[in-house]
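Trainee: A predicted structure for the sequence below; I have some questions about it.
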Amino acid sequence: MIGNKVGVMSYKVVFHIDWDDDQTLRMGLANMINLLNDGDSSGSEIHMVANGHAVRLFRKEFAEGNMHQIEELNSKGVRFCLCNNSMNKFNYKKQDMLDACEIVPAGVAELCKLQASGCAYIKP
Amino acid sequence: MIGNKVGVMSYKVVFHIDWDDDQTLRMGLANMINLLNDGDSSGSEIHMVANGHAVRLFRKEFAEGNMHQIEELNSKGVRFCLCNNSMNKFNYKKQDMLDACEIVPAGVAELCKLQASGCAYIKP
Amino acid sequence: MIGNKVGVMSYKVVFHIDWDDDQTLRMGLANMINLLNDGDSSGSEIHMVANGHAVRLFRKEFAEGNMHQIEELNSKGVRFCLCNNSMNKFNYKKQDMLDACEIVPAGVAELCKLQASGCAYIKP
């Protein structure tokens, strides 16, 4: 699904999701696939930050339908960052979540840092 | 509806819509009218990027209620960019869409480029 | 609820809300508390801009459930900016709104200015 076309553009961008809505996650995943197809994936820096109720979407038990795409995007360099504050609030453990995810201390802090480092922000 | 007041500020901004929700489009159009009224419209750079299901809102057959505002904003320099990836997915043709719109290859890529060029991002 | 931990990071960020949805406001307030707990609150610059229907959330008569958090955040330096265009549209007066709020001429213009001055954008 993700092409190998090498374009001339590279992109720095963070996608943000914060509600437990599978449609929104799918929109974001499709967006990232389009970006990788459009641009120079080797030079791009693509992140997704999930906080609030959205962390639930990455639990192994609920994520099955999106797991393949998430793993494929992760293998192409896309980071999937889950907010530890939200994980604690819902009492989720790292082992409950898809292996392609990493845990960051605070999702909103990560969003600030990434934008300060030059990433565009996209809210699907 | 759009005043001719010449202010001291000019704005660089991209509005992003991605769901087929007329209320959200109207919010965005009202936002852009406010910006043009508030600032120096001749020096401002205002874009709207529609991707995903939101492209449907710009089909001639559905857009009637907003057509006048979209055309007026476009005549003041506002760009309305529709994502070609989304157009292809829903099998929409350029001639189905409002004439004030332009087609861009990938909506998310456009959002990244515009932010990298200094545009603020607003998601109504 | 807001700790006094002094971290090494400071954040420049604007949170944007535009719908009359208490859940979204609560998400934004929790986000800001997390940021203040995570970072160096004395060096951070945190704003919330409410426009459109979201200004209603800050009316004294409806805001009771969130008033304490809003006041506490405001006492830590967080700005709560209400769009005057939206206030006029709904015929709201300054005295109807929480004292912790300030009125800005145009919410979207404020969002543009803050991002142009280096603030990250977060839409809860």
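Mentor: Done, it's in. Numbers count the residues shown, from 1 in each chain, chains lettered A, B, ... in the order given.
Trainee: what's opposite the residue positioned nearest the centre of chain A in the beta bridge?
Mentor: Within chain A, one residue has its C-alpha closest to the average C-alpha position: by CA atoms, centre = their mean, that is A:Met48, at 2.5 Å. Using DSSP bridges, the bridge partners assigned to A:Met48 are A:Phe15, A:Phe80.
Trainee: ok, it - contacts?
Mentor: For A:Met48, the contacting residues are A:Val14, A:Phe15, A:His16, A:Ile17, A:Gly28, A:Met32, A:Val78, A:Arg79, A:Phe80, A:Cys81, taking CB atoms under 8 Å, 6 or more residues apart in numbering or on different chains as the criterion. (Each C-beta comes from the backbone N, C-alpha and C, glycine too.)
Trainee: same question for A:Ser117.
Mentor: In this structure, A:Ser117 makes contact with A:Lys12, judged by CB under 8 Å, 6+ apart.
Trainee: from C:His68, how far off is it?
Mentor: Distance, A:Ser117 to C:His68, using CB to CB, to the nearest Å: 35 Å.
Trainee: so how do I select the buried members of the contacts of A:Met48 in PyMOL?
Mentor: Selection command for PyMOL covering only the buried members of these, criterion 16 or more other CB atoms under 10 Å in any protein chain shown:
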select buried, chain A and resi 14+15+16+17+28+32+78+79+80+81
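Trainee: okay, the contacts of A:Met48 in CSV with distance to B:Gly43 and pLDDT next?
Mentor: As requested, the contacts of A:Met48 are arranged in CSV below (distance: CB to CB, whole Å; pLDDT from 0 to 100):
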residue, distance to B:Gly43, pLDDT
A:Val14, 29, 98
A:Phe15, 31, 98
A:His16, 30, 98
A:Ile17, 35, 98
A:Gly28, 34, 97
A:Met32, 34, 95
A:Val78, 37, 97
A:Arg79, 37, 98
A:Phe80, 40, 98
A:Cys81, 37, 98
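Trainee: which of the contacts of A:Met48 sits closest to B:Asp38?
Mentor: A:His16 (26.8 Å; CB to CB).
Trainee: the closest one: what's it in contact with?
Mentor: For A:His16, the contact set (CB under 8 Å, 6+ apart) comprises A:Met48, A:Val49, A:Asn51, A:Leu111, A:Tyr121, A:Ile122, A:Lys123, C:Ile122, C:Lys123.
Trainee: quick check, nearest of those residues to B:Ala106?
Mentor: Once CB to CB is applied, the member of the contacts of A:His16 that ends up nearest B:Ala106 is A:Ile122, at 11.9 Å.
Trainee: related to what we said a few turns ago, can you pick the most crowded of the contacts of A:His16?
Mentor: Each of the contacts of A:His16 was scored by neighbour count (other CB atoms under 10 Å in any protein chain shown); the top score is that of A:Asn51, with 31 neighbours.
Trainee: from C:Ile70, how far off is that one?
Mentor: Between A:Asn51 and C:Ile70 the computed distance is 20 Å (CB to CB).
Trainee: what's the local residue count around the residue of chain A found nearest chain C?
Mentor: For chain A and chain C, the shortest gap (CB to the nearest CB) falls at A:Gln115, measuring 3.7 Å. Other residues near A:Gln115 number 26, with proximity taken as other CB under 10 Å.
Trainee: so which strand or helix has it?
Mentor: helix A:107-116 (DSSP states H and E).
Trainee: that helix packs against which elements?
Mentor: Other elements packing on helix A:107-116 under the criterion 3 or more CB pairs under 8 Å, 6 or more residues apart in numbering or on different chains; DSSP states H and E are strand A:12-17, strand A:45-50, strand A:79-83, strand C:12-17, helix C:22-38, strand C:120-122.
Trainee: could you check the pLDDT of the residue of chain A found nearest chain B?
Mentor: Of all residues in chain A, A:Ala120 sits closest to chain B, with a separation of 3.7 Å (CB to the nearest CB). If you check A:Ala120, the pLDDT there is 98.
Trainee: ok, and does stretch A:62-79 reach over to chain B?
Mentor: No: no part of stretch A:62-79 sits close enough to chain B to count as contact by CB under 8 Å from any CB of the partner chain; the gap is at least 12.9 Å.
Trainee: so which residues make contact with that stretch?
Mentor: For stretch A:62-79, contacts defined as CB under 8 Å, 6+ apart pick out A:1-2, A:22, A:25-26, A:29, A:32-33, A:36, A:41, A:44-48, A:56-58, A:60, A:80, A:98-102.
Trainee: quick one, which of these are buried?
Mentor: For those, burial is judged from neighbour counts taken by 16+ other CB under 10 Å, and it is met by A:2, A:25-26, A:29, A:32-33, A:36, A:41, A:44-48, A:56-58, A:80, A:98, A:100-101.
Trainee: next, the angle from the lowest-mean-pLDDT helix or strand in chain A to strand A:79-83.
Mentor: Least confident helix or strand of chain A, by mean pLDDT, DSSP states H and E, is helix A:22-38 with a mean of 93. Angular relation of helix A:22-38 and strand A:79-83 on a 0 to 180 degree scale: 150 degrees, by axes from the mean of the first three to the mean of the last three CA atoms, to 10 degrees.
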